[in-house]
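Visitor: structure for this input, please:
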Amino acid sequence: MILKLFSHNLRFTTGIVIILLSLALISYISQPEPVVEVHIPEEDIVEQVIDTVPANFYVLNGIVSDSLLHYEGFVKKNQSLSEILLRFNVPYSSIDQLARKSKDVFDVRKLMVGKKYNIFYSEDSLQHVEAFIYEIDAANFVVYHLTDSINIYRERKQVDVEIKTASGTINSSLWNTMVDNNIDHRITMEMAEIYAWAVDFHRIQKGDWFKVIYEEKYVDGEKVGIGRVLGARFNHFNEDYNAIYFEQGEASDYFDENNKSMRKAFLKAPLKYSRISSRYSKRRFHPVQKRYKAHLGTDYAAPKGTPIMATGNGTILKAGYSKGNGNYVKIEHNSVYATQYLHMTKIKTGIRKGVRVKQGDIIGYVGSTGLATGPHVCYRFWKNGKQVDALKLKLPASLPIDAKYLETYKEVRDKMLNQLDEINLDPEVS
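Guide: Down below sits the predicted model:
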């Protein structure tokens, strides 16, 4: 009897517990999701809050109110927009809406490590955010207004341009000379592009020199980059090569003192920076086959993976592999000219027979496939079906100045040549 009573009470108690647990679970599920108040750590506020009335560009230009607190931060590695804004109690729903609405203005998934952002928020207990501003670069930024309705737009700060000059005499390489003269490395790249059709930078010699007039950009009084090279003179083997920037209609290019374009039909070399390891020869000792044979191309040694460029506009004639050539690409430029690029580590995706390419397009990457002892590209050149030495070939120039712009160009040209004459060699950068 006692055993039966105990069993009955146990079942009754268990039933009561299950009912109570069920009611608790239903009550929990029916409760709205609790709002978690996330506050900025006090030490972060001390470090990052600029001012309660921040006298900066955004306030002075009416983008945000001067009554807000200002937090300045920098995007950290693997940090997302939601991680940034959740700290300021911006709800997930608002962040999701912001991300969706931002797609046509700026993709928030593309926040870059180290880029600056500004958050403006009220001084209440929840630190209510009114604006999030992401700086794409020194001049361009995206504004997110998080008030009654989310408003997103791009803005640009005023960019001031100053004209600068620089010069130098080559002792080893253009790059080293630029560094020695404290000249921005971007000028080096610009010069290499401008003179790619006139000067072989693999053959520049000690004593060559240059002068350059260029734009320097400033935002809020701080240098933010280099603008356009307006004029340059490169003296190579005691011959002057002048380049003057000129816009004719919607087109722009660099032209010489004879009103001809600096742009030739072909680049001098398929690589931006490299060294010639072997030249065109009718009789060369082959390093792999260990015998003398013709080498009808120019070898440019460079690290494995260096991008290889098409030296002229054209159509891919062949792209594949052969035992001797390794991975290679051949381009037909017109009925007269063709070029070939051998020993690639790989051919760029999409480069195949029949594809059109433009001058400067990457077609593959330096390697040592086929009969090769080290990473390089063997560059071969055909004229009228016959292989020729590309370094000795007289290449045709592009179209000259349009006749209707000629007089205007002459004025620009003469002024620029006079300014280049006035620059002393190896001065302090001005």
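Visitor: make it CA atoms for all contacts and neighbour counts henceforth
Guide: Fine.
Visitor: so where is the stretch 1-150 of the chain shaky, pLDDT-wise?
Guide: By pLDDT under 70, the low-scoring segments of the stretch 1-150 of the chain are 1-55, 124-127.
Visitor: can you show me the strands along it?
Guide: For the stretch 1-150 of the chain, the strands defined by DSSP state E, counting those that start in this stretch cover 69-74, 116-121, 129-135, 140-146, 150-156.
Visitor: which phi and psi does the residue nearest the centre of the chain have?
Guide: Residue closest to the average C-alpha location in the chain (CA atoms, centre = their mean): Arg186, at 11.8 Å. Reported as degrees, to the nearest 10, the phi and psi values for Arg186 are phi -70, psi -30.
Visitor: name the SS class of Ile308, please.
Guide: strand (DSSP: H, G, I helix; E, B strand; the rest coil).
Visitor: residues touching it, list them.
Guide: Residues near Ile308 by CA atoms under 8 Å, 6 or more residues apart in numbering: Pro270, Leu271, Ile362, Ile363, Gly364, Tyr365, Val366, Val377.
Visitor: which residues touch the fifth one?
Guide: Applying CA under 8 Å, 6+ apart, we find Gly364 in contact with Pro307, Ile308, Met309, Met344, Thr345, Lys346, Ile347, Lys348.
Visitor: any idea which of the residues you listed is closest to Leu420?
Guide: Met309 (31.7 Å; CA to CA).
Visitor: so the residue nearest to the centre of the chain is in contact with Arg228, correct?
Guide: No: Arg186 is beyond contact range of Arg228, at 10.3 Å (criterion: CA atoms under 8 Å).
Visitor: quick check: longest strand of this protein.
Guide: Criterion DSSP state E: the longest strand present in the chain is strand 222-236.
Visitor: re the thing from before, okay, the contacts of Gly364 in a markdown table with pLDDT and distance to Asn325 next?
Guide: Output for those, formatted as a markdown table (pLDDT from 0 to 100; distance: CA to CA, whole Å):
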| residue | pLDDT | distance to Asn325 |
| --- | --- | --- |
| Pro307 | 95 | 18 |
| Ile308 | 96 | 15 |
| Met309 | 96 | 17 |
| Met344 | 97 | 9 |
| Thr345 | 96 | 11 |
| Lys346 | 95 | 12 |
| Ile347 | 97 | 13 |
| Lys348 | 96 | 16 |
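Visitor: may I ask which two of the residues you listed are separated the most?
Guide: Met309 and Thr345 (14.0 Å).
Visitor: list the buried ones in stretch 355-368?
Guide: Val357, Gly360, Ile362, Ile363, Gly364, Tyr365, Val366, Gly367, Ser368 (16 or more other CA atoms under 10 Å).
Visitor: repeat for stretch 224-243
Guide: Result for stretch 224-243 [16+ other CA under 10 Å]: buried residues 224, 226-227, 229-236, 241-243.
Visitor: hmm, who's touching it?
Guide: 138, 161, 186-187, 190, 194, 198-199, 204-205, 208-218, 244-245, 254-257, 262, 416-417, 420.
Visitor: kindly report the same for stretch 151-166.
Guide: Stretch 151-166 is contacted by residues 101-102, 105, 139-145, 183, 211-220, 227, 423, 426-430 when judged by CA under 8 Å, 6+ apart.
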